[in-house]
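**Student:** pasting the sequence and the predicted coordinates here, then a few questions.
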Amino acid sequence: MAQETRTAYGEVLAELIVEDPKIVVLDADLTKSTKTALAKKACPERHFNMGIAEGNMMATAAGLAASGKTVFASSFAMFATGRAFEQIRNSICYPKLNVKVCATHAGISVGEDGASHQSVEDIALMRSIPNMRVYCPCDQFETKAVIRHVAKIAGPCYVRMGRGKVEDVYNEETIFDFERANIVRQGKQAAVFATGLMVQECLEAAKMLAQEGIELTVVNVSCIKPLDEATICQVAAEHELLFTAEEHSIIGGLFGAISECLIAHEPKKCIPIGIEDTFGESGPSKEVLRKYGLCAEHVVEVIRQTMDSCKK
Amino acid sequence: MDNKELQSHATEIRKNIIKMVTSAQSGHPGGALSGTDLITVLYFEEMKIGPENVGSYDRDRFVLSKGHASALLYGVLAEKGLLDKALLPSFRHTGSPLQGHPNMNYVAGVDMSTGSLGQGLSAAVGMALANRLDQKDHRVYVLLGDGECEEGQIWEAAMAAAHYQLDNLCAILDFNGLQIDGDITAVMNPTPFDQKFKAFGWNVVEINGHDYDEIRAAYAQARQCKGKPTLILAHTIKGKGVSFMENQAGWHGTAPSLEQCEQALKELEGK
Ligand SMILES: Cc1ncc(C[n+]2csc(CCOP(=O)(O)OP(=O)(O)O)c2C)c(N)n1
Ligand SMILES: [Mg+2]
């Protein structure tokens, strides 16, 4: 099945807000898009619409958390992490307050709204702040598990979600361990570290490559910070060729995180698949993703080319 | 508490401020001294805070939105007996809990980490909402700078506080007329405050921020006002109490020399 990660977010938040009286939800006039409307329906008295004022929303969230609340604050990734960056840094992360910045509509898969609404730098921004944890779940099941996970742990978290439907990678029965990067497919010659909707694209790519006799390992790095360095290094040691795949700028996101880890512990070449230091543009989601190389076919192409050039 | 007693606490707090910024050879005396009388009445009469509840958030709260006036907050906590006086000289020194701008995780009684102007009122809105959810009748106080009100987020928070009818929230505006680069009306005029806050749906009480009777009455009026947050628009003198610092923008973020410190302490002690 295919589902939007943001819908999974709204659904699980609607459960959590009823289960846990400490949870408070804030939104900035996007309750229908971010799906916090579902939580509002479940518990209207603990959902506050803060209007189109993201900076104020984040610092209000900090005040609620300083009074013992577990706060979920939502907007589009662009405005949550861009407009309110400094409020997140100074009012939430510096005092290590229990606020979960849950942003939807991340990346270029936003589609028609275009570059002004397509955040390609949010992982980089959030990852660089001390005390902040960063998660990017790939499907509805992982999203629900991540949201339950961040509701339980203390301190600031950023959860990055998308607008469009994405195919299931996991299922109802999956038991998640967010301390570990998850090897979704074990291959041999090449490994790709992927996050978000690129996990599905890489699994597709792996099927295509398998027909050519290339076995691709796919690692889902849904917890980008803190990074599971042990698994990353182990996978790096066991594979000839390494890649990263993300719906984010190749500057400072997953490629940045993996490169930093490899350079420090297991120096090895790693090739990025992501947005090449450019803004996105308007268009149907699938077409925009394809144009910017965020599709299985392009992953196959990059891996095949790299293997060919290695043979020469 | 009679006004004489308040006056003597305020004097001790002002002396703490002068000694701290002198010891650090950095910090912000001007805006700490202008807010001293307002905060003295708040801590010694208005807020229910003491050693028994200082470590908890289940009490009245105070957010120093103008976090650069940290010496005022540490100064009042020390005078109130909630902070070890022996720590004051470590202000702004390496390893000290008394950070240049307050950190809520280092000092019991610091209710919010601040320093980036414009964010504290929003945090206070969050605390006031939490009190309402918890059905607590605690009150939330926040001290704003007049220059700080040039930040757009102040007005976002003002809108939110009125929208949610946060009558448990009381903002105190330290209207000293000065910011770093000079007169607030010359730098980027944020006035008239009374009309602006009223238009945003607030109850506004205008007072002399150095007159204990007026300050006391303003807090009482704020407590009685229902359905709206209250702004106490307090006319103050930046650098109040130290003649050579009064109304001088230059003393916003400058530390006195040892001789100037001596002179300031003498003046405060009425010698
Ligand atoms: C967001 C932000 N911008 C700039 C500063 C630097 N700064 C510190 S104090 C100050 C002036 C504040 O003036 P006012 O609010 O009038 O304070 P007061 O006169 O009460 O000291 C400035 C610009 C800051 N701390 N935060
Ligand atoms: Mg001022």
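**Tutor:** Thanks, I have it. Ligands and ions are numbered 1, 2, ... in the order given.
**Student:** host element of whichever residue of chain A sits closest to ligand 1?
**Tutor:** Across chain A, no residue is closer to ligand 1 than residue A:86, which sits at 7.7 Å (C-beta to the nearest ligand atom). Where you see a C-beta, it was placed from the backbone N, CA and C, and this is true even at glycine. Assigned by DSSP states H and E, residue A:86 belongs to helix A:85-87.
**Student:** what separates that helix from the chain centre, distance-wise?
**Tutor:** Taking C-alpha atoms, centre = their mean, to the nearest Å, one finds the center of helix A:85-87 at 19 Å from the center of the full chain.
**Student:** so which bits of it are buried?
**Tutor:** A:85, A:87 (16 or more other C-beta atoms under 10 Å in any protein chain shown).
**Student:** picking that back up, report the contact partners of the residue of chain A closest to ligand 1.
**Tutor:** By C-beta atoms under 8 Å, 6 or more residues apart in numbering or on different chains, the contact list for residue A:86 reads A:55, B:116.
**Student:** could you redo the last one with a cut-off of 10 Å?
**Tutor:** Taking C-beta atoms under 10 Å, 6 or more residues apart in numbering or on different chains, we find residue A:86 in contact with A:55, A:58-59, B:116, B:118-119, B:153.
**Student:** which of those fall in strands?
**Tutor:** The strands in this structure, assigned by DSSP state E, contain none of the contacts of residue A:86.
**Student:** can you redo those as TSV with pLDDT, neighbour count and distance to ligand 2?
**Tutor:** TSV is the format used below for the contacts of residue A:86 (pLDDT from 0 to 100; neighbours: other C-beta atoms under 10 Å in any protein chain shown; distance: C-beta to the ion, whole Å):
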residue	pLDDT	neighbour count	distance to ligand 2
A:55	97	25	21
A:58	98	34	25
A:59	98	35	21
B:116	92	19	16
B:118	95	26	13
B:119	96	31	17
B:153	97	24	17
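**Student:** would you mind measuring from the closest residue to chain A within chain B to residue B:226?
**Tutor:** Here the residue of chain B nearest chain A is residue B:126; by C-beta to the nearest C-beta that distance is 2.3 Å. Distance of residue B:126 to residue B:226, computed by C-beta to C-beta, to the nearest Å: 21 Å.
**Student:** so between the two, which is more surrounded?
**Tutor:** The neighbour count for residue B:126 versus residue B:226, taken as other C-beta atoms under 10 Å in any protein chain shown, is higher for residue B:126 (35 against 8).
**Student:** what's the helix or strand for the residue of chain B closest to chain A?
**Tutor:** Judged by DSSP H and E, residue B:126 forms part of helix B:120-133.
**Student:** so after that helix, what's the next helix or strand?
**Tutor:** Once the chain leaves helix B:120-133, the next helix or strand it forms, by DSSP H and E, is strand B:140-145.
**Student:** quick one, that following strand and helix B:120-133 angle?
**Tutor:** Inter-element angle recorded for strand B:140-145 and helix B:120-133: 170 degrees (by axes from the mean of the first three to the mean of the last three C-alpha atoms, to 10 degrees).
**Student:** which residues of chain A fall in strands?
**Tutor:** Using DSSP E, strands in chain A cover A:2-4, A:23-27, A:47-49, A:70-76, A:99-104, A:133-135, A:157-160, A:165-167, A:182-185, A:190-194, A:216-220, A:223-225, A:241-249, A:270-275.
**Student:** can you redo those as CSV with mean neighbour count?
**Tutor:** As requested, those are exported to CSV (neighbours: other C-beta atoms under 10 Å in any protein chain shown):
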stretch, mean neighbour count
strand A:2-4, 16
strand A:23-27, 26
strand A:47-49, 22
strand A:70-76, 28
strand A:99-104, 29
strand A:133-135, 25
strand A:157-160, 28
strand A:165-167, 18
strand A:182-185, 18
strand A:190-194, 28
strand A:216-220, 27
strand A:223-225, 22
strand A:241-249, 27
strand A:270-275, 22
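**Student:** now those in TSV, with mean pLDDT and distance to residue B:80?
**Tutor:** Below are the strands of chain A laid out as TSV (pLDDT from 0 to 100; distance: least, C-beta to C-beta, whole Å):
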stretch	mean pLDDT	distance to residue B:80
strand A:2-4	97	53
strand A:23-27	98	31
strand A:47-49	96	33
strand A:70-76	98	30
strand A:99-104	98	30
strand A:133-135	98	37
strand A:157-160	98	36
strand A:165-167	98	56
strand A:182-185	98	52
strand A:190-194	98	54
strand A:216-220	98	53
strand A:223-225	98	40
strand A:241-249	98	49
strand A:270-275	98	54
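**Student:** tabulate those (CSV), appending distance to ligand 1.
**Tutor:** Converted to CSV, the strands of chain A look like this (distance: least, C-beta to the nearest ligand atom, whole Å):
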stretch, distance to ligand 1
strand A:2-4, 36
strand A:23-27, 22
strand A:47-49, 24
strand A:70-76, 20
strand A:99-104, 20
strand A:133-135, 25
strand A:157-160, 22
strand A:165-167, 39
strand A:182-185, 41
strand A:190-194, 37
strand A:216-220, 39
strand A:223-225, 26
strand A:241-249, 27
strand A:270-275, 31
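**Student:** can you pull the contacts of residue A:247?
**Tutor:** Residue A:247 neighbours (C-beta under 10 Å, 6+ apart): A:106-109, A:118-120, A:123, A:136, A:160, A:162, A:194-198, A:201, A:253-254, A:273-275, A:280, A:289, A:292, A:294.
**Student:** helices - which of these land there?
**Tutor:** Per DSSP state H, helices hold the following members of the contacts of residue A:247: A:123, A:198, A:201, A:254, A:289.
**Student:** what's the burial count for residue 149?
**Tutor:** In the absence of a named chain, this looks at chain A. Neighbours of residue A:149 under the rule other C-beta under 10 Å: 20.
**Student:** actually it's chain B I care about, not the one you picked
**Tutor:** Residue B:149 has 26 nearby residues by other C-beta under 10 Å.
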